[in-house]
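Trainee: Okay, here's the prediction I keep looking at, along with the sequence it came from:
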Amino acid sequence: MFLSCGEALFDLFPSAETNTGFIFDARIGGSPFNVAVGLSRLGREAALFTGLSTDPLGRRLERTLQEEGVETAYLVSKRNPTTLALVGLEPNGVPRYSFYGRGAADGSVAERDLPDLPPSVTAMHFGSYSLVVEPTGSSLLRLARRHRDGKLISLDPNLRLNVEPDVSRWRRQVEAFSEVADLIKVSDEDLEVLFPGSGIDSAVAHWNARGVQLVVVTRGDDGAVVPLRGDVFEASGRAVEVVDTVGAGDSFQAGLLCGLDELGKATKPGLSQVSLDECRRVVAFAMAAAAMTCTRRGADMPRRPDLPGV
């Protein structure tokens, strides 16, 4: 089972303006939430660990997880409110977020909330603003460190500087998580913020030296570049009619983990043995998943029958 750890929220898309305000289209989201749903839709066993509000929005998030077949045993009930993200779209469909989540449930996970994990949880994924919002950030780091020796650790920094504008805070936390991560998926934009002026090769070499086995760098519609044990390959992006790119990176992440799992490589020893050809196939599969999400409003992840084989 994959355990995705981090935030859960509602994305609010302004859909119409009235004489007295706006009408919003509210869509369920949050990067780790999306990854958990994406994995379940792709036929993988998945669970979510997060703080979830007892308010009506939190109850709707939990009901969605149940409907999507995501295990809810690791949810932590909180009286804090649910995070809201106001989404504005650029002409090319790229989202611009404004977050309203100070003191929210997903940012209020304390060390006492950390679960005991059974052997059935074989891989854990961490990412986005939950890495830097306290007390959740420190709690998740403890959880990752606790299980670094037995479970595959996946990381997507997915920087949200409008949640935490202190870049040094992001750099410290990503550095700390990279000490325990086996797999890092990162966008080229985030990589430039984390390692300004260093380039992909330098950043990847730094992470490899810390024990990261696989780094995948996504480049939007330009595809991805993957350095693997001295070899480097590029995967082309897919031409689709874009509605928006919300959730595309999360869908790529779910596709990446699913593809590795279908090849029997979504474990710590398995990842170290993945071949260049296998990696090409898995990244192509993840690219197809991300492309399909871009053709839909919000983080609407594809299902396994929608995609080609790995």
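Mentor: Sure thing, it's come through.
Trainee: my read is Asn92 is in a helix, agree?
Mentor: No: counting by DSSP: H, G, I helix; E, B strand; the rest coil, Asn92 falls outside a helix, being coil.
Trainee: Low-confidence stretches in this structure?
Mentor: Counting by pLDDT under 70, the chain contains low-confidence ranges at 93.
Trainee: Now with 80, please.
Mentor: In the predicted model, the chain carries pLDDT under 80 at residues 89-95, 298, 309-310.
Trainee: all helices for it, in order.
Mentor: 31-41, 56-67, 136-146, 167-178, 188-194, 199-209, 248-262, 268-272, 276-294 (DSSP state H).
Trainee: Of these, flag the one that's most buried.
Mentor: Comparing these by mean neighbour count (mean count of other CB atoms under 10 Å), helix 31-41 ranks first with a mean of 29. Heads up, the C-betas are built off the backbone N, CA and C, glycines and all.
Trainee: show me the contacts for the closest residue to Arg281 other than its chain neighbours.
Mentor: Using CB to CB, 6 or more residues apart in numbering and skipping the chain neighbours, the partner closest in space to Arg281 is Val310 (5.3 Å). Residues near Val310 by CB atoms under 8 Å, 6 or more residues apart in numbering: Cys258, Gly259, Glu262, Leu263, Arg281, Val282, Phe285.
Trainee: Which of the helices of the chain sits closest to Thr83?
Mentor: Nearest of these to Thr83, taken as CB to CB: helix 56-67 at 8.9 Å.
Trainee: any idea of the angle that closest one forms with helix 31-41?
Mentor: Counting by axes from the mean of the first three to the mean of the last three CA atoms, to 10 degrees, helix 56-67 lies at 30 degrees to helix 31-41.
Trainee: Give me the residues contacting helix 56-67.
Mentor: By CB under 8 Å, 6+ apart, the residues outside helix 56-67 that reach it are 8, 10, 28, 33, 36-37, 48, 52-53, 72, 75, 78, 81-82, 105.
Trainee: Need the CA coordinates for that helix. PDB is fine.
Mentor: Extracted C-alpha coordinates of helix 56-67, given in PDB (Å, rounded to 0.1, in the frame of the first residue of the first chain):
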ATOM      1  CA  PRO A  56     -18.700  20.200   6.300                       C
ATOM      2  CA  LEU A  57     -15.800  20.600   3.800                       C
ATOM      3  CA  GLY A  58     -13.700  18.100   5.800                       C
ATOM      4  CA  ARG A  59     -16.500  15.600   5.900                       C
ATOM      5  CA  ARG A  60     -16.900  16.000   2.100                       C
ATOM      6  CA  LEU A  61     -13.200  15.300   1.700                       C
ATOM      7  CA  GLU A  62     -13.400  12.100   3.700                       C
ATOM      8  CA  ARG A  63     -16.500  11.000   1.800                       C
ATOM      9  CA  THR A  64     -14.700  11.500  -1.400                       C
ATOM     10  CA  LEU A  65     -11.800   9.400  -0.200                       C
ATOM     11  CA  GLN A  66     -14.200   6.600   0.700                       C
ATOM     12  CA  GLU A  67     -15.900   6.800  -2.700                       C
END
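Trainee: Among the contacts of helix 56-67, which ones are in strands?
Mentor: Judged by DSSP state E, those include Phe10, Ile28, Leu48, Leu52, Ser53, Leu75, Lys78 as members of strands.
Trainee: Who wins on neighbours among these?
Mentor: The residue in the ones in strands among the contacts of helix 56-67 with the most neighbours, by other CB atoms under 10 Å, is Leu48 (32 neighbours).
Trainee: ok, back up a step: make JSON lines from the ones in strands among the contacts of helix 56-67 and add distance to Lys151 to it.
Mentor: Listed next are these as JSON lines, based on distance: CB to CB, whole Å:
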{"residue": "Phe10", "distance to Lys151": "30"}
{"residue": "Ile28", "distance to Lys151": "27"}
{"residue": "Leu48", "distance to Lys151": "16"}
{"residue": "Leu52", "distance to Lys151": "23"}
{"residue": "Ser53", "distance to Lys151": "28"}
{"residue": "Leu75", "distance to Lys151": "19"}
{"residue": "Lys78", "distance to Lys151": "25"}
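Trainee: Quick check: the two most widely separated of the residues you listed?
Mentor: Maximum pairwise distance in the ones in strands among the contacts of helix 56-67, criterion CB to CB, is 17.2 Å, between Ile28 and Lys78.
Trainee: what sits against the closest residue to Ala266 other than its chain neighbours?
Mentor: Closest residue to Ala266 apart from its sequence neighbours, by CB to CB, 6+ apart: Leu260 at 4.1 Å. Residues near Leu260 by CB under 8 Å, 6+ apart: Ala266, Gly270, Leu271, Val274, Val282.
Trainee: so how far is Asp182 from Leu260?
Mentor: According to CB to CB, to the nearest Å, Leu260 and Asp182 sit 10 Å apart.
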